[in-house]
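Asker: No letters, just coordinates:
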Ligand SMILES: Cc1cc2nc3c(=O)[nH]c(=O)nc-3n(C[C@H](O)[C@H](O)[C@H](O)COP(=O)(O)O)c2cc1C
């Protein structure tokens, strides 16, 4: 992330989530309504839990933007956790407020609880839950929205679609699959695809393994909580070379392809075709019907800790993936074309 850099911070029930982004070219239009609409998209989707009813995320910009345009200086984004008012004491930074209220000690299978508690030497598993929770993806979506605003200036746009929920591959059956899981106190995962259009040729590189855009895309999508598989283009398993590879042709004097099985990446570089990235999300690990676990205090059998939870979050996860892919594209564009201002970037990309 050398050219479009940022850090995020914030706990699930802490005061707020924050990001400081560095590298946004001066002059990019920063439309707060657009950032908020992306935050809203992340909160939607059939199967989301009650928290989405409490929280209606909006962003506050506290630096780097003046009169709707990026200044080229670091941009700070803040998304408040509205639920914090109920958690002020529990999440207090002061040692005087120490409480065991909301502490828990039964590991939740499928979560960071066990490994996190061992690694960070924590007794109260809340100290792991608070940051490992997917709540942090809200601020990531806000950063992604800024990246999308840069992409918009240069004519690049992305979208996503859910392609599978549980075992159902057709949208008519998605809600039924989620309802059934809910009725059973269970959860479901699924698959989605993200497509970005109008991508220039040559983002990423074949010259060294760590410069391939495919590797960068895989990393940002795989590290979304609950993602367990990432594909670029069509899954080639079982296909012959003649079925999978995209042949060249000339149309209206332009070089183009007869298909896009490769998903817009060959040799670690974008090839000018649509960028197509799919990912598989595992079923949500917190369930009304809790799994067997161990109480870390007693080492005795116990039911996994339950905290209000989504039954399915594949639609939201797709929005997070759109955001993360936008970061990669902006970074690669800035690596290739440089640019301190958006006008300079546009002139270099012609
Ligand atoms: C948008 C989104 C919402 C999520 N919501 C929940 C949830 O409500 N309950 C839950 O147990 N896990 C939820 N997860 C998944 C967990 O955060 C994730 O499985 C967990 O942190 C362990 O990480 P891992 O699955 O990558 O190993 C969500 C993930 C995403 C991307």
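Answerer: Good, I have the coordinates. These numbers were taken from a predicted model, which means no experiment stands behind them.

Asker: Please name the bridge partners of residue 250.
Answerer: According to DSSP bridges, the residues that bridge with residue 250 are residue 255.

Asker: Tell me the spatial nearest neighbour of residue 232, not counting adjacent residues.
Answerer: residue 263 (4.4 Å; Cβ to Cβ, 6 or more residues apart in numbering). Just so you know, the C-beta spots here come from the backbone N, C-alpha and C atoms, and that holds for glycine as well.

Asker: How about residue 326?
Answerer: residue 147 (3.7 Å).

Asker: try residue 84
Answerer: Residue 84 sits nearest to residue 15 (Cβ to Cβ, 6+ apart), 5.1 Å away.

Asker: What separation do you get for that neighbour and the ligand?
Answerer: 20 Å (Cβ to the nearest ligand atom, to the nearest Å).

Asker: Same question for residue 136.
Answerer: 9 Å.

Asker: Could you do residue 116 as well?
Answerer: 10 Å.

Asker: now residue 277
Answerer: Residue 277 is 15 Å from the ligand, by Cβ to the nearest ligand atom.

Asker: Quick check: next helix or strand after the helix or strand harbouring that residue?
Answerer: Element membership of residue 277 [criterion: DSSP states H and E] is strand 275-281. Downstream of strand 275-281, the first helix or strand assigned by DSSP H and E is strand 292-294.

Asker: Which elements pack onto the next helix or strand along the chain from that following strand?
Answerer: Proceeding N to C from strand 292-294, the next assigned helix or strand is strand 301-303, under DSSP H and E. Contacts defined by 3 or more Cβ pairs under 8 Å, 6 or more residues apart in numbering; DSSP states H and E place strand 301-303 against strand 292-294.

Asker: Listing partners with orientation, what would you give for the strand it packs on?
Answerer: Here strand 292-294 has these sheet partners by DSSP bridges: strand 301-303 (antiparallel).

Asker: contacting residues around the residue nearest to residue 84?
Answerer: By Cβ atoms under 8 Å, 6 or more residues apart in numbering, the residues touching residue 15 are 80, 81, 84, 91.

Asker: next one: residue 103
Answerer: With Cβ under 8 Å, 6+ apart, residue 103 has these contacts: 124, 125, 126.

Asker: Go again with 10 Å.
Answerer: 90, 123, 124, 125, 126, 127 (Cβ atoms under 10 Å, 6 or more residues apart in numbering).

Asker: Remind me which helix or strand it belongs to.
Answerer: Residue 103 belongs to no helix or strand, assigned by DSSP H and E.

Asker: Quick check: phi and psi at it.
Answerer: phi -70, psi 150 (degrees, to the nearest 10).

Asker: pLDDT score assigned to it?
Answerer: Residue 103 carries a pLDDT value of 97.

Asker: Quick one: find the helix or strand in the chain with the lowest mean pLDDT.
Answerer: Taking mean pLDDT, DSSP states H and E as the measure, the chain has helix 51-54 as its least confident helix or strand, at a mean of 63.

Asker: Centre of the chain to the next helix or strand after that helix, how far?
Answerer: Downstream of helix 51-54, the next assigned helix or strand under DSSP H and E is strand 59-63. Remark: strand 59-63 is offset 20 Å from the chain centroid, using Cα atoms, centre = their mean, to the nearest Å.

Asker: Just checking, which helix or strand succeeds strand 59-63 along the chain?
Answerer: That would be, after strand 59-63 and using DSSP H and E, strand 65-66.

Asker: partners of that following strand in the sheet?
Answerer: By DSSP bridges, strand 65-66 pairs with strand 69-70 (antiparallel).
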